[in-house]
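**Q** Any chance you could fold what I've pasted below:
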Amino acid sequence: MAALQFDLQHTDKASKARAGKILTDHGEILTPIFMPVGTVGSVKAVTQQQLSTEVNAQIILGNTYHLYLRPGLEVLEQAGGLHQFNGWNKPILTDSGGYQVFSLAGNRKLTEEGAVFQSHIDGGKHLFSPEKVMDIQRIIGGDIVMAFDECPPYPSDYEYAKKSMELTHRWLNRCFNRFQNTPDKYGYTQNLFPIVQGSTYKDLRRASAEFVADKNAPGNAIGGLSVGEPTGMMYEFTELCCDILPVHKPRYLMGVGTPWNILESIALGVDMFDCVMPTRNGRNAMLFTSKGIINIDNKKWEKDFSVIDDGIDCVMSNYYSKAYLRHLMKSKEFLALTIASVHNLSFYLWLVGQARTHIIAGDFKCWKDEMVIKLQQKL
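**A** Coordinates of the predicted model:
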């Protein structure tokens, strides 16, 4: 089977925004794209059928750390990989677990060999080495698999950030060695993306982006941003990385973010995004809409019988009223979580689809500048 291919179709003249097409053995992905996060093989409160037909998701994420702990590799391998296990027949990207290990700072120890951590489920000790993480992701079966990295916190002092980046680079070499010496597992091609680190230091980011670019991987990721640094700094370092990473390879900004973060980052040259925000915020009554932000808990929506959002193409957003969704939220009905999550994800996929349309039409920057203001309004 063929390795991942990226066709760069259009570049915006007034910004660095790009429209492209990624081709994997499980289908194509039109960029820019947002990837719903299915941490344990499931996007919370949303079925795979809804993801496909209502949200129009083209690719979803699975998380190595969580899937390794539960259901475990034996179950996933016997099922034939995550695609077979969860019934998702489109592309899947697997996160390496590096970010989860980073978030377990109190329960993990980093060494040259890898990261020793305690399971959040039963307290058992586990080692993630670059080699083991590659083997785990082979078994999970993602079309795109991520290198094992250390994500330094913000702020980090220069010496820590430098040592962390150098460790990530040594781990990256080991990831590539292991990946290149192991076969694809389920009859389709898996593709390894390296991750740029370097915290918020220009020379480190530049060095890491150059190191990653030299790997000539099918695509590249930018990590270690959206971890508490000011928004302007996030954009500055995103642009710095995009200017170095190869033009004809997809660029993935990990863990970002709000709708306006995504639009501004598209303008800087990013192609791929993921974030738990649409589903997590939806479950907590925050709706992102084409006209601005709604807190559906607010009393002002109690007798608003207009649909959730008539500006996007989503069955649930165009069918249920704000008053009804508020009633479900207040009643703690499970259906509220599904409606809000499907709506928010549909909005995110609509937004990146609109960005693509405007890049191709040649008026992306004007449209983006207007949308960034509109989307942040609280309704």
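
**Q** So Glu302 versus Leu325, what's the distance?
**A** 11 Å (Cβ to Cβ, to the nearest Å). C-beta coordinates here come from the backbone N, C-alpha and C atoms, glycine included.

**Q** More neighbours: those two, which one.
**A** Leu325 (26 against 11; other Cβ atoms under 10 Å).

**Q** Just confirm the more buried one is within a helix.
**A** Yes. The assignment for Leu325 is a helix, going by DSSP: H, G, I helix; E, B strand; the rest coil.

**Q** I'd like to know which helix or strand in this protein has the lowest mean pLDDT.
**A** helix 98-103 (a mean of 76; mean pLDDT, DSSP states H and E).

**Q** Buried residues, the helix or strand hosting His169. List them.
**A** His169 belongs to helix 158-180 when assigned by DSSP states H and E. Using 16 or more other Cβ atoms under 10 Å as the test for burial, helix 158-180 gives 161-162, 164-169, 171-172, 174-176, 178-179.

**Q** quick check, nearest of these to Gln190?
**A** Nearest to Gln190 among the buried residues of helix 158-180: Phe179, at 8.0 Å, using Cβ to Cβ.

**Q** looking at it, that closest one is touching Leu192, isn't it?
**A** Yes. Counting by Cβ atoms under 8 Å, Leu192 is a contact partner of Phe179 at 4.8 Å.

**Q** Which residues are in contact with each of those two?
**A** Jointly contacting Phe179 and Leu192 under the rule Cβ atoms under 8 Å, 6 or more residues apart in numbering are 134, 145.

**Q** coming back round to it: mind listing what the helix or strand just after the least confident helix or strand of the chain pairs with, with the direction of each?
**A** Sequence order places strand 108-110 as the next helix or strand after helix 98-103, per DSSP H and E. Here strand 108-110 has these sheet partners by DSSP bridges: strand 115-118 (antiparallel).

**Q** got a list of contacts for the partner strand?
**A** 98, 101, 104, 107-109, 124-128, 150.

**Q** still on that earlier bit, what packs against the least confident helix or strand of the chain?
**A** In this structure, helix 98-103 makes packing contacts with helix 64-69, strand 115-118, judged by 3 or more Cβ pairs under 8 Å, 6 or more residues apart in numbering; DSSP states H and E.

**Q** What residues sit buried inside that helix?
**A** Those would be 98-102, for helix 98-103 by 16+ other Cβ under 10 Å.

**Q** Now do the end-to-end distance for stretch 268-287.
**A** Start-to-end span of stretch 268-287 (Cα to Cα, to the nearest Å) is 26 Å.

**Q** nope, stretch 182-190 is what I meant
**A** Termini of stretch 182-190 sit 11 Å apart (Cα to Cα).

**Q** Sort out which residues of that stretch are buried, please.
**A** So, applying 16+ other Cβ under 10 Å, buried residues of stretch 182-190: 185, 188, 190.

**Q** Could you look up the SS state of the first one?
**A** If I follow you right, that is Lys185. coil.

**Q** Low-confidence stretches in the stretch 251-379 of the chain?
**A** Within the stretch 251-379 of the chain, no stretch falls below the threshold (pLDDT under 70).

**Q** what ranges do the helices span in it?
**A** In the stretch 251-379 of the chain, the helices defined using DSSP state H, counting those that start in this stretch lie at 259-267, 277-283, 315-319, 322-330, 334-361, 364-375.

**Q** Gln58 is nearest to which of those helices?
**A** Closest among those, using Cβ to Cβ: helix 334-361, at 8.1 Å.

**Q** buried stuff in that closest one?
**A** Result for helix 334-361 [16+ other Cβ under 10 Å]: buried residues 336-356, 358-359.

**Q** Stretch 147-160 now?
**A** 147-152, 154, 156.

**Q** May I have it as CSV, with CA atoms only?
**A** Extracted C-alpha coordinates of stretch 147-160, given in CSV (Å, rounded to 0.1, in the frame of the first residue of the first chain):
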residue,chain,number,x,y,z
ALA,A,147,6.8,10.2,17.7
PHE,A,148,7.4,9.9,21.4
ASP,A,149,8.5,13.3,22.8
GLU,A,150,8.8,15.3,26.0
CYS,A,151,6.5,18.2,26.2
PRO,A,152,8.1,20.8,28.5
PRO,A,153,5.8,22.9,30.6
TYR,A,154,5.4,26.7,30.3
PRO,A,155,7.3,28.5,31.5
SER,A,156,10.5,26.4,31.3
ASP,A,157,14.0,27.9,31.8
TYR,A,158,16.3,27.8,28.9
GLU,A,159,18.5,24.9,30.2
TYR,A,160,15.6,22.7,30.9
